[in-house]
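> Need coordinates for the below:
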Amino acid sequence: MSSEVFERSVELPVSAEQAFAWHEREGALPRLTPPWEQIELEKREGTISDGDRTTLRMRVGPTWQRWVAEHRDYQPGRCFRDVQISGPFTKWEHEHRFEPIDAQRCRMIDRIEYVAPGGRIGQWLGHGAIARKLAKTFAWRHRTLANDLHQQKRYADRSPLTVAMTGASGLVGSAMTTLLTTAGHRVRPMVRRATDDPQAIVWNTREGVVDPQQMADVDAVIHLAGESLMGRWTAKKKQAIRDSRVAGTQALVRSLERAEPRPRTLLSTSALGFYGDRGDEPMDESKGPGEGFLVEVAQGWEAAAMQAETLGLRVALMRLGVVLTPRGAALKTMLTPFRMGGGGVIGSGDQVMSWVSLDDVLGAFYHALMQDDVAGPVNVNAPNTVTNRVFTKTLGNVIHRPTFIPVPAAMIRTMMGEMGQEMLLSSTNMQPTRLTQTGYDFRDPQLEPALRWMLGRGIPPRGEREG
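Got it, this is the predicted structure:
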């Protein structure tokens, strides 16, 4: 049975040795997994040296299947190969080659030789679908890798950092960990229960870090932890939201005060809720707070974080917009009803939505971490906001579904109460002025290309394409 061959290449803005080293680091495989794919890293034995193995769990149709690959032909700075030991294909061999262009650039070539499952019938039926899926996957991988390396190269003269992170297992935290580790930094997750992980720092939202000496080697802290905002806002739920953000941040700052030496930087998450319902008025970082429960929480949250400034830390308050990724949060929740043809505008549809792709959240945090002039409030959202009506129509167009079933504002208020009013019916037109002023280059500035990219529905909106 004959093999099929798929090959794509990309020019990278670093040497072959640097690109090869990126692939040896812990977060490489998760970072290169497209967001629309259901693939989980189950076990990693070694790195990519000869005989090392990687075990994945992946969704194949309605079932999960295990895929075990062994690494071979390891040539530092030049080549390595993944060979399927067990998995969905009859044969799968993936060669990664790194060819120098000059001292600052290289070309990476991905060459895959495979035989589709199911014998000759499976090969005949599956060839076109597999080729299309590979083309889409490697376009995403190459663009992501090129953009990551381009941003990291800007700070190549900086020493690797040790970063402590709360909320490291969450949607943003797990993705942030892959970005930081592939850039050569070390991440120490801050966890609430004792663990065997030697890198973990045990803390809780009342007492802070159990042993402040654990912070002695930490250069920076990324604070992401917080109670989910979803669900009806009962008095108990609102207290949990407030405590997790305000009291939790206060406890963290007390830990920073006791640390010796102290970290130099704190990036503390905040949110667009700081501004409240402000219609279509542009909200840059100079604007004051609005009114409402989320405004009160955000003010207390940010005030607690800013206390670290009195300890000598540089503090950036990362006010997140609506984070878009099919892996979780708002977009994942929307996709099921939209795919069933049940999508439609919420309320009037005129409320402004300050959205941001997950990749730009990661990029903005990395920019703030590495650039010392980023401090104080930082709006983290795409520069091109849209109304809910435009968002609804755009998502429907991208996934080829109608969007004619509106959700009246009265229904939102009845079903979701205060949470629905503040999170779904409020309008906030955030402007990422601070990021733009300090030279951040957005990966996904426009909504439709961003949605097509993260859902695997189109070509990259910017950056490298496959060769």
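> which residues does Met306 contact?
Met306 makes contact with 315, 317, according to CB atoms under 8 Å, 6 or more residues apart in numbering. C-beta coordinates here come from the backbone N, C-alpha and C atoms, glycine included.
> what do you get for Ile201?
164, 188-191, 209, 214-215, 218.
> And Glu207, by the same measure?
Ala251.
> what separates it from Asn384, distance-wise?
43 Å (CB to CB, to the nearest Å).
> out of the contacts of Ile201, which is most surrounded?
Ala164 (30 neighbours; other CB atoms under 10 Å).
> So what sits opposite that residue in the bridge?
Beta bridges link Ala164 to Arg188, Val221, judged by DSSP bridges.
> The stretch 151-300 of the chain: strands as residue ranges?
162-166, 186-191, 201-204, 208-209, 220-223, 265-271, 282-283 (DSSP state E, counting those that start in this stretch).
> Compare the mean pLDDT across these and name the weakest.
Here the strands of the stretch 151-300 of the chain differ in mean pLDDT, and the lowest is strand 208-209 at a mean of 88.
> Remind me what that one packs against, helices and strands.
Here strand 208-209 touches strand 201-204, helix 248-258, going by 3 or more CB pairs under 8 Å, 6 or more residues apart in numbering; DSSP states H and E.
> wait, Thr403 sits on Phe338?
Yes: between Thr403 and Phe338 there is a contact under CB atoms under 8 Å: 7.2 Å.
> Okay, buried residues for the helix or strand hosting Ile412 please.
Using DSSP states H and E, Ile412 falls within helix 409-420. Buried residues in helix 409-420, counted by 16 or more other CB atoms under 10 Å: 409, 412-413, 416, 418-420.
> And for stretch 211-231?
In terms of neighbour count (16+ other CB under 10 Å), stretch 211-231 has its buried residues at 212, 214-215, 218-227, 229.
> Can you convert these into JSON lines and add a column each for distance to Phe20?
As requested, the buried residues of stretch 211-231 are exported to JSON lines (distance: CB to CB, whole Å):
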{"residue": "Pro212", "distance to Phe20": "39"}
{"residue": "Gln214", "distance to Phe20": "33"}
{"residue": "Met215", "distance to Phe20": "33"}
{"residue": "Val218", "distance to Phe20": "29"}
{"residue": "Asp219", "distance to Phe20": "26"}
{"residue": "Ala220", "distance to Phe20": "27"}
{"residue": "Val221", "distance to Phe20": "31"}
{"residue": "Ile222", "distance to Phe20": "28"}
{"residue": "His223", "distance to Phe20": "34"}
{"residue": "Leu224", "distance to Phe20": "31"}
{"residue": "Ala225", "distance to Phe20": "35"}
{"residue": "Gly226", "distance to Phe20": "38"}
{"residue": "Glu227", "distance to Phe20": "42"}
{"residue": "Leu229", "distance to Phe20": "42"}
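> Go through these and name the one nearest Gly118.
Nearest to Gly118 among those is Leu224, at 43.6 Å by CB to CB.
> With adjacent residues omitted, what lies nearest to that closest one?
Gly167 (3.2 Å; CB to CB, 6 or more residues apart in numbering).
> can you give me the helices for this protein?
Here the chain has its helices, by DSSP state H, at 16-24, 28-31, 119-153, 171-182, 235-242, 248-258, 293-306, 329-339, 358-370, 388-399, 409-420, 433-437, 447-454.
> what's the last one in contact with?
Just to be clear, that refers to helix 447-454. By CB under 8 Å, 6+ apart, the surrounding residues in contact with helix 447-454 are 35-36, 140, 143, 324-326, 331, 355, 357-359, 382, 384, 386, 390-391, 394-395, 397-398, 444, 457-462.
> quick check: mean pLDDT across that helix?
In this model, helix 447-454 has a mean pLDDT of 96.
> tilt between it and helix 329-339?
Angle, helix 447-454 to helix 329-339, by axes from the mean of the first three to the mean of the last three CA atoms, to 10 degrees: 90 degrees.
> how far away is the closest residue to Val323 other than its chain neighbours from Arg192?
Sequence neighbours aside, Ala329 is the residue nearest to Val323 in space, at 5.1 Å (criterion: CB to CB, 6+ apart). Relative to Arg192, Ala329 is positioned 22 Å away (CB to CB).
> between the two, which one's more packed in?
For the pair Ala329 and Arg192, the greater number of neighbours falls to Ala329 (19 against 12), based on other CB under 10 Å.
> residues in contact with that one?
Taking CB under 8 Å, 6+ apart, we find Ala329 in contact with 171, 322-323.
> quick check, nearest of the residues you listed to Val5?
Minimum distance to Val5 across these is 36.4 Å, recorded for Leu171 (CB to CB).
> Leaving out chain neighbours, which residue sits closest to that closest one?
Nearest residue to Leu171, sequence neighbours excluded (CB to CB, 6+ apart): Gly328, at 4.3 Å.
> Is the one you found bridged to anything, and to what?
Going by DSSP bridges, Gly328 is paired in beta bridges with Thr325.
> ok, it - how many residues close by?
Around Gly328 there are 16 residues (other CB under 10 Å).
> how close does it get to Glu448?
Between Gly328 and Glu448 the computed distance is 21 Å (CB to CB).
> got a list of what Arg264 touches?
219-220, 312-314.
> Swap in 10 Å and give it another go.
161, 218-221, 312-314, 372 (CB atoms under 10 Å, 6 or more residues apart in numbering).
> just these now: which is nearest Pro100?
Ranked by distance to Pro100 (CB to CB), those are led by Leu161 at 28.3 Å.
> Phi, psi for that closest one please.
With angles defined as degrees, to the nearest 10, Leu161 sits at phi -110, psi 150.
> how far away is it from Gln371?
Per CB to CB, Leu161 is found 13 Å from Gln371.
> which neighbours do these two share?
In contact with both Leu161 and Gln371: Tyr155, using CB under 10 Å, 6+ apart.
> These two - which one has more neighbours?
Taking other CB under 10 Å, Leu161 and Gln371 do not tie; Leu161 has more neighbours (20 against 17).
> didn't the more buried one look like it was pressed against Ala183?
Yes: Leu161 lies in contact with Ala183 (CB atoms under 10 Å); the separation is 9.1 Å.
> Overlap in contacts, those two.
Listed as contacting both Leu161 and Ala183 by CB under 10 Å, 6+ apart are 155, 369-370.
> which of those residues lies closest to Pro88?
The closest of the shared contacts of Leu161 and Ala183, once distances to Pro88 are taken by CB to CB, is Leu369, at 38.2 Å.
> what number of residues lie near Arg59?
Using other CB under 10 Å, Arg59 is surrounded by 12 other residues.
> pLDDT-wise, which helix or strand of the protein ranks last?
helix 119-153 (a mean of 85; mean pLDDT, DSSP states H and E).
> Between helix 358-370 and that one, find me the angle.
Put simply, helix 119-153 runs at 30 degrees to helix 358-370, going by the same axes, to 10 degrees.
> Next, the angle helix 171-182 makes with helix 119-153.
Note on geometry: by the same axes, to 10 degrees, helix 119-153 and helix 171-182 are set 80 degrees apart in direction.
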